[in-house]
Structure formats: C-alpha cells, structure tokens
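Q: here's my sequence, what's the structure:
(one chain, ligands or ions: 1)
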Amino acid sequence: MNLDALKALSYGMFIITTRKDTKNVGCLINTVMQITSKNPILAVSINKENYTNEVLKETKKCAISILSTTASMDLISKFGYSSSRNTNKFENRNYQNIQELPVIMDDICGYIIGEVIQVIDAETHDIFLIRIQQTEMISDTAPMTYKYYQEELKGVSPKNAPTYQEAKKENNNAIRYQCTICGYIYDNSKEKINFEDLPDDWKCPICKVGKDKFVKL
Ligand code: FE
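A: The predicted structure follows:
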C-alpha cells in the first residue's frame, strides 16, 4: 500500500501534561483535534508505550499546550524523545501550575485544560476523549504545524535549490547513518565532516542521543 497520501494530512505540535502526586509528566504529541462543538470534546492519540499514556489513564486530567513556530528544538526534543519515566522534562522549563497541572508556557499560542471522559483502544495507540474545561490564548504567534517541524526544524529548506536536493537523493553512493531514536539522517555527502570522524561526544541534533544510537544505511 502506498501511504504517500497520508503525508497530505495536517497536524499540529502540542505538549500534553499531567501530574501524578507530585510528579510532573508529559510528552509531545501531534494528534489533537476538536471533535464536538457544544461543550466541546477533543480527541488525542497517545502511543501505549508512552509513560504519559499510562499516567493519564490514572489522573484523567491534562493540559495541552499548543506550540507556536517559535518553539525551540530543545523543548521539542526534550518532550518528544525522552521519557518522563526517568527524566524530569520540566527542569529549567517555564511552566505554571494551573488547576494542579503543570502547563508548559514557553513558546505557546495557548493552552487547553480538560478531563478524560473515555479511552478508546486503537491497537498501538489509545484515543483519549477529553472534555474541555478551560482554554486560554497566550500569544498570536502562528501555531507550529507538523509540516513546519519536519521541513523547517530538521533543516530541510524547501525554498533552497530543490533541484540540488533532488540530485543528492539520486546519489546512491552517499554514506548515510540514521538515528534509531528519532529517524534523523546524517548524510556524509551533505556534511563537512564524515560521520565516522565526528567526536565521541557528538549528539544527534534532533534528539540528543550519542553516535552509538546511529546505524549505517
Ligand atoms: Fe535522534
């Protein structure tokens, strides 16, 4: 099956957070949609392996921060590529306690607070139906779309010499390494230093893991 058409679907970039006892928990998500208008309900998809999924089923209360295009890669990688199970993602972050939830306030358009009213099994993921209890707009900066994240923050510039990029794609001799955590590709033919010659403390620019997490393609 060709899945190319799915690339035309639009998504945003969000951080969903909750609190269990005194522990702040949260993760990056891209699937949040409003599914009813009166006394509105949101649908949110979270992977079952995600610690936030597990905790949210217990706490049933969450905040969703809507990231703006000014959100840093550091914020995104922290909430996207590490687990609240063993990391305090809120350390050195600007968050506020609102309705006893840790709401991420850095580079957001606004936030939504709600209560989980149902969890629907969707094989690898769960769909959380969330009744909205409170929303606030914080900034009128443009919200970050998933496409913006993929195209702008991963350093792929759609405006910059597209024919040059196409020529590179056809270079089957290029030596490339892929991060097994986030999927980032290091292409020797596009970099000043070959992957093999990078220092031992070099880290993935997206998710900050070491060279040992990369595999040769
Ligand atoms: Fe990575």
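Q: now the helices for this structure?
A: In the chain, the helices defined using DSSP state H lie at 51-59, 73-81, 146-148, 162-169.
Q: quick one: contacts for Ile127?
A: Contact analysis of Ile127 by C-beta atoms under 8 Å, 6 or more residues apart in numbering lists 43-45, 119-120. All C-beta atoms are positioned from the backbone trio N, CA, C, and that covers glycine.
Q: oh, I was asking about Ala43
A: Ala43 sits in contact with 31-33, 35, 127-130, where contact means C-beta under 8 Å, 6+ apart.
Q: give me that answer again for 7 Å
A: Applying C-beta atoms under 7 Å, 6 or more residues apart in numbering to Ala43 gives the contacts 33, 35, 127, 129.
Q: ok, now Cys109?
A: By C-beta under 7 Å, 6+ apart, the residues touching Cys109 are 66, 68, 137-139, 141, 143.
Q: so in terms of bridging, what pairs with the closest residue to Gly26 other than its chain neighbours?
A: The shortest distance from Gly26 to any non-neighbouring residue, by C-beta to C-beta, 6 or more residues apart in numbering, is to Thr17 (3.5 Å). Under DSSP bridges, the beta-bridge partners of Thr17 are Gly26, Ala63.
Q: spell out which parts of the chain neighbour the ion.
A: Residues of the chain found near the ion (C-beta under 5 Å from the ion) are 179, 181-182, 184, 204, 206-207.
Q: sketch out the low-pLDDT regions of this structure for me.
A: Where the chain drops to pLDDT under 70, the residues are 154-172.
Q: spatially central residue for it, please.
A: Centroid-nearest residue in the chain: Leu28, 3.8 Å away (criterion: C-alpha atoms, centre = their mean).
Q: how does this protein divide up, domain by domain?
A: Residue ranges for the domains of the chain, per automatic domain parsing: 8-151, 176-216.
Q: return the most buried member of the ones you listed.
A: Among the domains of the chain, the stretch with the highest mean neighbour count (mean count of other C-beta atoms under 10 Å) is domain 8-151, at a mean of 17.
Q: chain center to that domain, what's the gap?
A: 9 Å (C-alpha atoms, centre = their mean, to the nearest Å).
Q: what is the end-to-end distance of that domain?
A: End-to-end distance for domain 8-151, by C-alpha to C-alpha, to the nearest Å: 13 Å.
Q: residues in a beta bridge with Asp187, which ones?
A: Going by DSSP bridges, Asp187 forms beta bridges with Arg176.
Q: roughly how far does it sit from Ala8?
A: Separation of Asp187 from Ala8 (C-beta to C-beta, to the nearest Å) stands at 26 Å.
Q: next: Tyr146.
A: Distance of Tyr146 to Ala8, given as C-beta to C-beta: 12 Å.
Q: can you check Pro102 too?
A: The gap separating Pro102 from Ala8 is 34 Å, by C-beta to C-beta.
Q: thinking Thr141 is in contact with Thr69, fair?
A: Yes: counting by C-beta atoms under 7 Å, Thr141 touches Thr69, with 6.3 Å between them.
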